[in-house]
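Chemist: 3D, please:
(2 chains)
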Amino acid sequence: MRIETGRHPDEEQVEKYSLGSLSEEEAPWFEEHLLICESCQNRVRAMDNYVSAMHSASSRIRRTGSPSLNGWYFPVWARNLTVATAVLCFGAVGLEWATKRNRTHVEPAFAVSMIATRGEQAAAKAPAGRPLQMQLDLAGLPADSALRLEMVDERGGPVWRGVVISHNSQGVAVVPEQSAGLYFLRVYSVSGQLLREYGLEIEGR
Amino acid sequence: MNLEPEPNVELATQGETCWAELVERVRNGEPSAMEELYRVFSKGIRFYLCRQVGPQDLDDKVHDLFLIITQSIQRGDLREPERLMGYVRTIVRRQVAAHIDNMVQARRNQTDLDYGLALSDLGPNPERRVINEQNVALAMRILNSLHKREREVLMRFYLKEQTAEQICSEMDLTETQFRLIKSRAKARFGELGKRRLALKGIFANG
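Modeler: Just a heads-up that it's a prediction; the model follows:
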């Protein structure tokens, strides 16, 4: 006896049946068809597996609350790696900061006498990594006046700016620690006129 | 000259299965008709029962059902032979409902495990459990590969069991967009599943 299975249900109907949401009008026809159609039985079986897997997977994701980065899933291993890397970086930065801080506190400023002379002369020397107390020779410059200071590196790039008050042809300014190299300390009038320049060689440790 | 149609000969007319003829033969007690009935409906009934009440004692349940169907037909309970499919469906559904009702009653009446009631594990067998876990892993892989919004659509549909209309309304999606998200995920699931089976075949064949 040849069995005519009739029309097969479409994918949406199979999904609805699997989810238990097929309408009361459609359900009788659908189930009668399933009684005699093996291929649709297999389709329902496959759909049941899929729906069940999606349900379980969704439940697990909802429970674990997987984090996302800009809406994309960030795998747990990648998240952990990122956190570990960030901790290491911050740790390294923190250690460097703490080390520098400790260095600043422990070592006093190094006093440098800056004397302006004509002609070639070796620049004043100072150690790297220590604040510098610049004792400036301001003879011949306006007394009891504020003067602008600028320290530049050998390429002329400014590394520090400050002010000094000339008193008894002397002035004192504290410059933050600098790395090794050749520097020039320039003295300007308030109006911006370059009045004097001192050479300074900072030596590495 | 015998004009009676021989059994198992194609009797479909105008594309319709001749259920009436089969019913008549069952009523007459023909063994071949019983076999035919079993051949046509056993897989479907087994499928339905397994899906509704699990695989426990499936063979016994299927055999019991066929007895009920056959005896019912022979008693003349089936008034419209052309509606044999609907009739079988109705009997199967009633039996499933009765079975579930019996199980509920048995649980209510059970007061003490010392009575020695046999407890059967209704969970999947170990092989089935492994397959289920693999399917869940595939589904997780698919969900995790999606953008958060698409993942939300699928989780609302399969976990929260929200309707398509509700999801589209709350997430500002068209029906087409919604169907596309679903069908892509399902297609991907099928693709990954096939790949997994192919790999298993490669390893099995060494």
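Chemist: what about residue 184, how many neighbours?
Modeler: I'll assume chain A. 15 (other C-beta atoms under 10 Å in any protein chain shown). For glycine as for every other residue, the C-beta is placed from the backbone atoms N, C-alpha and C.
Chemist: Sorry, I should have been clearer: chain B.
Modeler: Per other C-beta under 10 Å, the neighbour tally for B:Arg184 reads 14.
Chemist: Does it belong to a helix, a strand or coil?
Modeler: Following DSSP: H, G, I helix; E, B strand; the rest coil, B:Arg184 is assigned to helix.
Chemist: Tell me the spacing between it and chain A.
Modeler: Remark: distance between B:Arg184 and chain A (C-beta to the nearest C-beta, to the nearest Å) = 13 Å.
Chemist: Retrieve the pLDDT associated with that residue.
Modeler: The model reports B:Arg184 with a pLDDT of 93.
Chemist: could you list every residue that touches it?
Modeler: Applying C-beta atoms under 8 Å, 6 or more residues apart in numbering or on different chains to B:Arg184 gives no contacts.
Chemist: Where does A:Lys159 sit, in terms of helix or strand?
Modeler: One correction, residue A:159 is Val, not Lys. Per DSSP states H and E, A:Val159 falls inside strand A:158-165.
Chemist: can you check A:Gln133 too?
Modeler: Per DSSP H and E: strand A:132-137 holds A:Gln133.
Chemist: which outside residues touch the helix or strand that the strand holding A:Val159 is followed by?
Modeler: With elements assigned by DSSP H and E, the helix or strand that comes after strand A:158-165 is strand A:170-175. Residues outside strand A:170-175 that contact it (C-beta under 8 Å, 6+ apart): A:109, A:131-138, A:147, A:149, A:151, A:160, A:162-165, A:185.
Chemist: And for stretch A:130-147?
Modeler: Contacts of stretch A:130-147 (C-beta under 8 Å, 6+ apart): A:104, A:107-116, A:126, A:149, A:163-178, A:185, A:187-190, A:195-196, A:198, A:200, A:202.
Chemist: What helices and strands are in contact with the strand holding A:Val159?
Modeler: Contact here means 3 or more C-beta pairs under 8 Å, 6 or more residues apart in numbering or on different chains; DSSP states H and E; on that basis strand A:158-165 packs against strand A:146-153, strand A:170-175.
Chemist: Show me how far stretch B:44-62 is from its chain's centre.
Modeler: The chain centre lies 9 Å from the centre of stretch B:44-62; the measure is C-alpha atoms, centre = their mean, to the nearest Å.
Chemist: Quick one: check it for contact with chain A.
Modeler: Yes. Using C-beta under 8 Å from any C-beta of the partner chain, stretch B:44-62 reaches chain A at B:Gly44, B:Ile45, B:Phe47, B:Tyr48, B:Arg51.
Chemist: ok, back up a step: reformat the helices and strands packed on strand A:158-165 as a markdown table; add mean pLDDT.
Modeler: As requested, these are exported to a markdown table (pLDDT from 0 to 100):
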| stretch | mean pLDDT |
| --- | --- |
| strand A:146-153 | 87 |
| strand A:170-175 | 87 |
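Chemist: Same list (those) but as JSON lines, adding distance to A:Arg45.
Modeler: Output for the helices and strands packed on strand A:158-165, formatted as JSON lines (distance: least, C-beta to C-beta, whole Å):
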{"stretch": "strand A:146-153", "distance to A:Arg45": "78"}
{"stretch": "strand A:170-175", "distance to A:Arg45": "82"}
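Chemist: okay if I get those as JSON lines plus mean neighbour count?
Modeler: Listed next are those as JSON lines, based on neighbours: other C-beta atoms under 10 Å in any protein chain shown:
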{"stretch": "strand A:146-153", "mean neighbour count": "18"}
{"stretch": "strand A:170-175", "mean neighbour count": "17"}
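Chemist: got the domain boundaries for chain A?
Modeler: Chain A is divided into the following domains under automatic domain parsing: A:11-64, A:68-106, A:110-203.
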